[in-house]
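**Q** Have a look; sequence and predicted model below, questions after that.
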Amino acid sequence: ANAITKASLASPNNAKTRLSPDSVLNLAQGDPTAFEPYWRNLGDKCTMVISGSDLMSYLSDMGNICWFLEPELAEAIRHLHIEVGNAISKDRHIVIGTGSTQLYQAALYALSSPDSSEPISVVSAAPYYSQYPPQTDYLRSGLYKWAGDAFTFDNDGPFIEIVNSPNNPDGTIREAVVVNKGKGWLIHDLAYYWPQYTPITHVADHDIMLFTLSKCTGHAGSRIGWALVKDAEVARKITNFIEFNSIGVSKESQLRAAKIIGVICDGCQDFESSKSDTNFFEYAQRLMAERWKKLREAVRSSEVFSLAEYPLDFCNFIGEFTKSNPAFAWLQCKEDVDCEKLLRELKVMVRGGKQFEADEMYARVSMLSRDESFNLLLEKLSGIKGGGTING
Ligand code: PMP
């Protein structure tokens, strides 16, 4: 209880904390609490009871490459991709991890060679997710090393390119950029390829695709991520990493994820047959579109910030033309203005452009906070006028 009290004091955006116009807003992380009301409204639909003798074994499915994957979760994940149409899951190996963060490291391990004299270079096109460099280098592995922006990578040697699409931080749709494909491996981080963030234009089919429950349903606390992998040997090596690192993934989390994904899939089927006018993705897409509309209005009246426009595209899931409504706003200030610093004056904590190998005139702001925090962000942004002075 003590730890919980401490955590609530430390976090200014805790659900129980009332915000005042002067409160500090922490929008530096993409904590996906925006979707809580949807799940709260479902009442007991996702509640599960786990007894003392349940789930005691390390093992789940010894016939599967990923032997610690609960079959219910594997089935739920396959079903989810079929319903949404965002990625091929049939005939793909599923490996789960403690968040896709663990799978990122497992995939680097799986693609690198212990016999190589030099660590393999890991690159991603800037601006890239700020956690890729530290996650790659924190153990100073002899197998792989961070080599920065994929656009400027000119080494002839082997490489791994991370393709994050839609991209964190700027929401763009991406493809691999390094041309020397013969010597390279690709990891597609598709954490945000869900209808609430971007139109689902095609069924993704890449060698290694990473997904996470955190951004799909908002259940970041369960720490469930999954990889869809074409090659059995690569899937086996990814599984080995997780075996060495944590001997598997929490079964409680897996079953909760299976339950939640199952409820989403049921909702999708009712939606298709017009038995229901809302399912999770439709709700979340509407929420994100409303937030982006309000953000654009606030930014327009601020005279200080600007935002890129995203193209309209047909979303095969929603069945309409939609625009991207990314999980982060990539705010731009005028040249020579440090955007993160300016926002800090407004008591809004964000990540500055430099952390993504971009200019400091940019900053990344989470769009996934609770309503109260988001509304306060709008107030703070629209109150700022040209020259950086704060109104009122
Ligand atoms: N990839 C990207 C692009 C992300 O933004 C995040 C979360 N911020 C992750 C991976 C990791 O998510 P998790 O470990 O919660 O699954």
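**A** Everything's here; your move.
**Q** Next, count neighbours for whatever residue of the chain ends up closest to the ligand.
**A** Nearest to the ligand, among the residues of the chain, is Gly99, at 2.6 Å (CB to the nearest ligand atom). Every C-beta, even on glycine, is put in place using the N, C-alpha and C of the backbone. When counting by other CB atoms under 10 Å, one arrives at 20 neighbours for Gly99.
**Q** Could you double-check that it lies in contact with Gly225?
**A** Yes - look at Gly99 against Gly225 with CB atoms under 8 Å: they come within range, at 4.7 Å.
**Q** quick one, phi/psi of Gly148?
**A** Phi and psi for Gly148, reported as degrees, to the nearest 10, are phi 80, psi -150.
**Q** on contacts alone, who are the packing partners of the helix or strand containing Ile264?
**A** Assigned by DSSP states H and E, Ile264 belongs to helix 251-272. For helix 251-272, the packing partners by 3 or more CB pairs under 8 Å, 6 or more residues apart in numbering; DSSP states H and E come out as helix 71-84, helix 213-216, strand 224-229, helix 280-302.
**Q** what's the most buried one of those?
**A** Ranked by mean neighbour count under mean count of other CB atoms under 10 Å, those are led by strand 224-229, which reaches a mean of 28.
**Q** does that strand come close to the ligand?
**A** Yes - Strand 224-229 reaches the ligand (CB under 6 Å from any ligand atom) through Gly225.
**Q** Strand partners (parallel or antiparallel) of that strand?
**A** Taking DSSP bridges as the criterion, strand 224-229 forms sheet pairs with strand 93-98 (antiparallel), strand 208-212 (antiparallel).
**Q** Tabulate the ones you listed (a markdown table), appending distance to Ser253.
**A** Listed next are the strands paired with strand 224-229 as a markdown table, based on distance: least, CB to CB, whole Å:
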| stretch | distance to Ser253 |
| --- | --- |
| strand 93-98 | 8 |
| strand 208-212 | 12 |
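**Q** Now render these as CSV, adding mean neighbour count.
**A** Converted to CSV, the strands paired with strand 224-229 look like this (neighbours: other CB atoms under 10 Å):
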stretch, mean neighbour count
strand 93-98, 25
strand 208-212, 26
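**Q** now these as CSV including mean pLDDT?
**A** Listed next are these as CSV, based on pLDDT from 0 to 100:
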stretch, mean pLDDT
strand 93-98, 98
strand 208-212, 98
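**Q** joint contacts of Gly99 and Gly225?
**A** Residues within reach of Gly99 and of Gly225 at once, by CB atoms under 8 Å, 6 or more residues apart in numbering, are Thr212, Ser214.
**Q** Counting neighbours, what do you get for the residue lying closest to Thr217 once chain neighbours are set aside?
**A** With sequence-adjacent residues excluded and distances taken as CB to CB, 6 or more residues apart in numbering, Thr217 is closest to Ile260, at 5.5 Å. Residues lying near Ile260 (other CB under 10 Å) number 24.
**Q** hang on, isn't Ile260 packed against Cys46?
**A** Yes - taking contacts as CB under 8 Å, Ile260 lies within contact range of Cys46: 5.5 Å.
**Q** who touches both of those two?
**A** With CB under 8 Å, 6+ apart as the test, Ile260 and Cys46 both reach Trp39.
**Q** sec struct for the residue most central in space within the chain, please.
**A** Geometric centre of the chain, nearest residue: Ala191, 4.0 Å, by CA atoms, centre = their mean. In terms of secondary structure, Ala191 is coil; the call rests on DSSP: H, G, I helix; E, B strand; the rest coil.
**Q** on that earlier part again, let me know the pLDDT of the residue nearest to Thr217.
**A** Per-residue pLDDT puts Ile260 at 98.
**Q** Return the residues in contact with it.
**A** Trp39, Cys46, Leu213, Thr217, His219.
**Q** which bits of the protein sit near the ligand?
**A** So the chain meets the ligand at 30, 99-101, 129, 164, 168, 189, 191, 212, 214, 220, 225 (CB under 6 Å from any ligand atom).
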